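Peer 1: sequence and predicted structure below; questions after.
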Amino acid sequence: METIRPDELADLQLKRLKWSLHQAQKVGLYQRKLKEAGVSPDDIRTLDDVEKLPFTYKKELRAGYPFGLFATPLKEIVRIHTTSGTTGKPTVVGYTRQDLENWSELIARNMTMIGLGEDDIFQNAVNYGLFTGGLGFHYGAEKIGMTVIPSATGNTRRQIEMIEDFGVTAIHCTPSYALHIAEVAESMGKTLDSLKTGIFGAEPWSESMRTELERRLGVKAYDSYGLSEMYGPGVAFECPERDGLHIWHDFYLTEIIDPKTGERLAPGERGELVITPLVKEALPLVRYRTGDVTRLMDDGCACGRGPKIERITGRSDDMLVIRGINVFPSQIEHVLRALPEVGEQFIVYIDRVKHLDEMTIEVEMSRAGFSGELQDLARMQKKITGELHNTLGLRTAVKLVEPGSLPRFEGKAKRVVDRRGAI
Amino acid sequence: MEKSYIVKQISIFSENRPGRLAAIAGALRDAGINIFAFSIAEADGFGVVRALVDQPDEAHRTLTDLGFRVSFTDVIGVKMRDEPGGLSDIASILGDAGINIEYAYAYSGRDGAVLILRVDQVEDAIRQILGRGGELLKASLSG
């Protein structure tokens, strides 16, 4: 499947898409939505026809709580997971026996892709309850014959003893927990020499985090992407090139859309990831809006596997449209964090001046390295503006401000102030 | 010996908005630091406040502790005749010697007028000015 010819893959995807739409037709929500959109599964003759289908939103899944979106009778459903449900009711995901088999297959492929196998000892240091990361990885790892330690989370010193005593070679956890393990191991004087591979997911993490985790844990770190609505982890995964994540196209049909207009974007353009799962039995979905922002990388991969997506750069809810150009605060953050002259905080202001959108970014300077010369500051300002222009394709006004002068946030930072609505 | 004429100017980054100069000046007042001379250079949305003070190290510490970005810049202070031609004398010395003035500001005090200069070759400038009979401020301004 990894090296399937593009035309064969398209045939397979179309066949499975039709099957999946028939499966969706067993759900009241989809009977209604397809009728409203005036399409029936038989209208789908090519993969591009998927654009005729309506999107599915997370709130619709929530509204179906608990079992309203299941396409199979409960007696065929052998497992339930739920999403964390930070806002309102959780989303309930059901799995048939075949769904669990498919999911294990995905995880098994991913782990095989990065060279793991029956010689490896695998510590699965994530929550084993309703969270999909625990059991999902557990069964995938068993499938390829790894020695699985279902360590779950907590008791970090015990986790570290197990790594050492059992000679653990691969670990799966959140990047933040991995950092905690590294800190505790260092305080215990343990070097964790047997660890070679780290699989990190369930929260966004940066390239600088990768560098730090690799240095402190002595692993090669891989990014894992998934969402409960699509079984859980396993949807996309980095290969050893670690330049983008491979999506398993025989299981998932992917599109990138403009989150504001819903229009499909060309390969390479950044937008919201929309997934239509092709093999899901219990919870079939049609054009599911993941809310995650990425782009399809159309330049191939040295490993020879199918098209990749870029690492997730943010949530579509955060997207700004400035003079018709899509901008994500995470892009701005990425540019600024890479510049040593820039300090800890920044704030983006958007105004409409004479019918034109203007973006002003207040940037705290770093505390170090002030020469005292005006021209050095002007040069720095120009450099920041230039780097932002390269990345965003947009001219911005950069204002240098004193370190510590911008507001600090304890929880989620509010870095964008859109003042256009006031007109 | 040229070194003894290099004066430490403090340069302070300041956003271009109301109250910033007041904050800087207030901090120096509270620390009992006297300002001999100062100027503001401004660019797009920000500026640099440049000042000669009687206790540069103390001023640096005080402002840094308050979160300001401060650095020292080497300048020289040239005594000027407070009459027509005073500035011309000094500017000519430097111009003849091929020394470039990056910026300058002046004050006129009890002991006459002083031109503060930031030049590209500070030790060379000192030699030229002294060599042509000019008079320079000593680094220890409080003295």
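Peer 2: Structure's in. What do you need?
Peer 1: what's the helix or strand for the closest residue to residue A:312 other than its chain neighbours?
Peer 2: Nearest residue to residue A:312, sequence neighbours excluded (Cβ to Cβ, 6 or more residues apart in numbering or on different chains): residue A:292, at 4.8 Å. Bear in mind the C-beta positions are built from the backbone N, C-alpha and C, glycine included. Using DSSP states H and E, the element containing residue A:292 is strand A:288-297.
Peer 1: gap between whichever helix or strand comes after that strand and the chain center?
Peer 2: For strand A:288-297, the following helix or strand on the C-terminal side (DSSP H and E) is strand A:308-309. From the chain centre to the centre of strand A:308-309 is a distance of 11 Å (Cα atoms, centre = their mean, to the nearest Å).
Peer 1: also stretch A:27-42?
Peer 2: 29 Å.
Peer 1: and it, what's buried?
Peer 2: Applying a neighbour-count criterion of 16 or more other Cβ atoms under 10 Å in any protein chain shown, one finds A:27, A:29, A:30, A:33, A:34, A:39, A:41 buried in stretch A:27-42.
Peer 1: rounded mean pLDDT for whichever helix or strand the second one is part of, please.
Peer 2: This means residue A:29. Per DSSP H and E: residue A:29 is located in helix A:28-37. Computed over helix A:28-37, the mean pLDDT rounds to 95.
Peer 1: following the chain past it, name the next helix or strand.
Peer 2: helix A:58-63.
Peer 1: for that following helix, which residues meet the burial criterion?
Peer 2: Judged by neighbour count using 16+ other Cβ under 10 Å, the buried positions of helix A:58-63 are A:58, A:60, A:61, A:62.
Peer 1: turn the residues you listed into a markdown table, including pLDDT.
Peer 2: A markdown table is the format used below for the buried residues of helix A:58-63 (pLDDT from 0 to 100):
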| residue | pLDDT |
| --- | --- |
| A:58 | 89 |
| A:60 | 93 |
| A:61 | 92 |
| A:62 | 88 |
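Peer 1: relative to residue A:335, which of the residues you listed is nearest.
Peer 2: Taking Cβ to Cβ as the measure, residue A:335 lies nearest residue A:58 of those, at 29.6 Å.
Peer 1: quick check, residue B:124 in a helix?
Peer 2: Yes. In this structure, residue B:124 lies within a helix as judged by DSSP: H, G, I helix; E, B strand; the rest coil.
Peer 1: which of the three states applies to the residue nearest to it when sequence neighbours are not counted?
Peer 2: Spatial nearest neighbour of residue B:124, chain neighbours left out: residue B:99 (6.0 Å); criterion: Cβ to Cβ, 6+ apart. Secondary structure state of residue B:99, per three-state DSSP, is coil.
Peer 1: residues touching residue B:99, list them.
Peer 2: B:119, B:120, B:121, B:124, B:125, B:128 (Cβ atoms under 8 Å, 6 or more residues apart in numbering or on different chains).
Peer 1: can you give the contact residues for stretch B:25-39?
Peer 2: Contacts of stretch B:25-39 (Cβ under 8 Å, 6+ apart): B:49-55, B:58-59, B:62-63, B:66, B:68, B:103, B:105-107, B:109, B:114, B:116, B:141.
Peer 1: among these, which ones lie close to chain A?
Peer 2: Restricting the contacts of stretch B:25-39 to those near chain A by Cβ under 8 Å from any Cβ of the partner chain leaves residue B:68.
Peer 1: quick one: buried residues of the strand holding residue A:292?
Peer 2: Quick answer for strand A:288-297 (16+ other Cβ under 10 Å): A:288, A:289, A:290, A:291, A:292, A:293, A:294, A:295, A:296, A:297.
Peer 1: just curious, which of the residues you listed is nearest to chain B?
Peer 2: Chain B lies nearest to residue A:293 out of the buried residues of strand A:288-297, by Cβ to the nearest Cβ, at 30.3 Å.
Peer 1: grab the nearest non-local neighbour of the closest one.
Peer 2: Using Cβ to Cβ, 6+ apart, the nearest residue to residue A:293 is residue A:314, at 4.6 Å.
Peer 1: list phi and psi for the one you found.
Peer 2: phi 160, psi -170 (degrees, to the nearest 10).
Peer 1: thinking again about what came up before, so can I have TSV of the buried residues of strand A:288-297 showing distance to residue A:321 and pLDDT?
Peer 2: Below are the buried residues of strand A:288-297 laid out as TSV (distance: Cβ to Cβ, whole Å; pLDDT from 0 to 100):
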residue	distance to residue A:321	pLDDT
A:288	23	97
A:289	17	96
A:290	20	94
A:291	17	91
A:292	18	92
A:293	13	90
A:294	18	92
A:295	17	92
A:296	20	93
A:297	23	92
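Peer 1: if we take these, which one ends up nearest to residue A:318?
Peer 2: Distance to residue A:318, by Cβ to Cβ, is smallest for residue A:293 among these, at 7.8 Å.
Peer 1: who does the closest one bridge with?
Peer 2: Using DSSP bridges, the beta-bridge partners of residue A:293 come out as residue A:272, residue A:314.
Peer 1: how close does it sit to residue A:75?
Peer 2: 39 Å (Cβ to Cβ, to the nearest Å).
Peer 1: this completes my enquiry, with thanks.
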